[in-house]
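Trainee: Here is my input; please provide its structure:
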Amino acid sequence: MDTLQNMRAFTCVAQAGSFTAAAAQLDTTTANVSRAVSNLEAHLQTRLLNRTTRRIALTEAGKRYLLRCEQILGYVEEAEAEASDAHARPAGQLKVHSMTGVGQHYVIDAIARYRRNHPDVSFDLTMTNRVPDLLEEGYDVSIVLASELPDSGFVSQRLGITYSIVCASPAYIKAFGMAHRPADLLNHACLRLVSPVFPLEKWAFDGPEGQETVTIGNSPFLVNSADAMQAAISSGMGIGILPIYSAIEGLRNGSLVRVLPQYRSHELNLYAIYPSRQYLDAKIKTWVEYLRGSLPEIMAAHEADLQTHVLPETV
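Mentor: You can find the predicted model right below:
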């Protein structure tokens, strides 16, 4: 007995609502479909469908079995698709979510470079500082920063690790002096970044003496954008913590100075998350593979560049 084929016949009957409609979809006869379902019931020793001359209805056992059949057949289709369409041409629209700073500094450029090889893929990019509900909001891929991900049932690929650094403007350091250790920050105007992944008041550091935490009290400035924070720091408003991707350009052009160069803060993983689907089409697969191949190199280059801009703790 071909159990898999019989499962297909049963699933088609249940979804189509009749043996005749299922036979038309499967390009076979009604008798063959009826025989397949009967053989399946005999094999299971369980009635799956209640039949009358006018209609069919799933039994309780049939309802449970249908869910399993749909899952199994979905996995089979996925395996067949991966084998037969491994080199399918990516095309269509990708709906992508990204956290704002990552999107501005990594994702938009990655999209531009990806489309040079896959011009038939278009992007609908949304940038928000939260982790979305992929299924509810219809995203194909979400790119997020997190220390770790909750068990969501989604597929995730870690793209790399990044962290934040303490920065100030040269003018601020000239006026108020340099902080030499985390506790010195209590004597400075500390600007706070409001973020779902960065603690607002407790600034934690990894440094030569291990982990140190400083509780920041009143702040002259709070903002929810890392790039806006970079602008505020560059203008001399105070000292703040910036992700590397927001700080690197200011360090290059001299509008920022790295404070506490032996310390790093807020180490986070960068993830690409996508729903676990029965069929992962080519555009999602190639986009995630491209991110896995390109972003770690960019992040490593930023890390190397950062080391060349470590200044002495005096200005």
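Trainee: quick one: the helices in the stretch 101-250 of the chain?
Mentor: 108-117, 134-137, 170-176, 226-234, 244-253 (DSSP state H, counting those that start in this stretch).
Trainee: Same question for the strand or helix carrying residue 95: list its buried residues.
Mentor: Assessed by DSSP states H and E, residue 95 sits inside strand 92-98. Buried residues in strand 92-98, defined by neighbour count with 16 or more other C-beta atoms under 10 Å: 94, 95, 96, 97, 98. (C-beta placed from N, C-alpha, C; glycine too.)
Trainee: If you count contacts, what does the biggest strand by length in the chain end up packed against?
Mentor: Across the chain, the longest stretch assigned as strand under DSSP state E is strand 155-168. Packing contacts for strand 155-168, counted by 3 or more C-beta pairs under 8 Å, 6 or more residues apart in numbering; DSSP states H and E, involve helix 226-234, strand 239-243, helix 244-253, strand 257-259, strand 264-274, helix 282-308.
Trainee: strands paired with the fourth one, and their directions?
Mentor: It refers to strand 257-259. Looking at strand 257-259 with DSSP bridges, its partner strands are strand 155-168 (antiparallel).
Trainee: just the CA coordinates of the strand it pairs with, formatted as CSV?
Mentor: Extracted C-alpha coordinates of strand 155-168, given in CSV (Å, rounded to 0.1, in the frame of the first residue of the first chain):
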residue,chain,number,x,y,z
VAL,A,155,14.1,29.9,12.3
SER,A,156,17.1,32.1,13.2
GLN,A,157,20.5,32.6,11.8
ARG,A,158,23.2,34.5,13.8
LEU,A,159,24.9,37.0,11.6
GLY,A,160,27.5,38.2,14.0
ILE,A,161,28.2,40.0,17.3
THR,A,162,28.4,43.7,17.9
TYR,A,163,28.8,46.0,21.0
SER,A,164,28.7,49.6,22.0
ILE,A,165,31.3,52.1,23.1
VAL,A,166,31.4,55.3,25.1
CYS,A,167,31.9,58.5,23.1
ALA,A,168,32.2,62.2,23.6
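Trainee: Report the distance from that strand to the chain centre.
Mentor: 13 Å (C-alpha atoms, centre = their mean, to the nearest Å).
Trainee: Compute the inter-axis angle for that strand and helix 244-253.
Mentor: 40 degrees (axes from the mean of the first three to the mean of the last three C-alpha atoms, to 10 degrees).
Trainee: List the buried residues of strand 155-168.
Mentor: Neighbour-count burial for strand 155-168 [16+ other C-beta under 10 Å]: 156, 159, 160, 162, 163, 164, 165, 166, 167, 168.
Trainee: what's the answer for stretch 134-150, then?
Mentor: For stretch 134-150, by 16+ other C-beta under 10 Å, it's 134, 139, 140, 141, 142, 143, 144, 145, 146.
Trainee: Which one of those residues is nearest to residue 180?
Mentor: Distance to residue 180, by C-beta to C-beta, is smallest for residue 145 among those, at 28.7 Å.
Trainee: What score does that closest one have for pLDDT?
Mentor: Looking at residue 145, its pLDDT is 89.
Trainee: For it, give me its contacts.
Mentor: 99, 102, 162, 197, 268, 269, 270, 271 (C-beta atoms under 8 Å, 6 or more residues apart in numbering).
Trainee: ok, and the most crowded of these?
Mentor: Within the contacts of residue 145, most neighbours by other C-beta atoms under 10 Å means residue 99, with 26 neighbours.
Trainee: Hmm, that residue is touching residue 127, no?
Mentor: Yes - between residue 99 and residue 127 there is a contact at 7.0 Å, judged by C-beta atoms under 8 Å.
Trainee: Overlap of the contact sets of these two?
Mentor: With C-beta under 8 Å, 6+ apart, residue 99 and residue 127 have no common neighbours.
Trainee: Would you tell me which of the helices of the stretch 101-250 of the chain gets closest to residue 18?
Mentor: helix 134-137 (30.9 Å).
Trainee: quick one: contacts of the closest one?
Mentor: By C-beta under 8 Å, 6+ apart, helix 134-137 touches 97, 142, 154, 273, 274, 275.
Trainee: Take these and write them to JSON lines, including distance to residue 298 and pLDDT.
Mentor: Listed next are those as JSON lines, based on distance: C-beta to C-beta, whole Å; pLDDT from 0 to 100:
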{"residue": "97", "distance to residue 298": "19", "pLDDT": "96"}
{"residue": "142", "distance to residue 298": "19", "pLDDT": "94"}
{"residue": "154", "distance to residue 298": "24", "pLDDT": "83"}
{"residue": "273", "distance to residue 298": "19", "pLDDT": "92"}
{"residue": "274", "distance to residue 298": "21", "pLDDT": "90"}
{"residue": "275", "distance to residue 298": "26", "pLDDT": "83"}
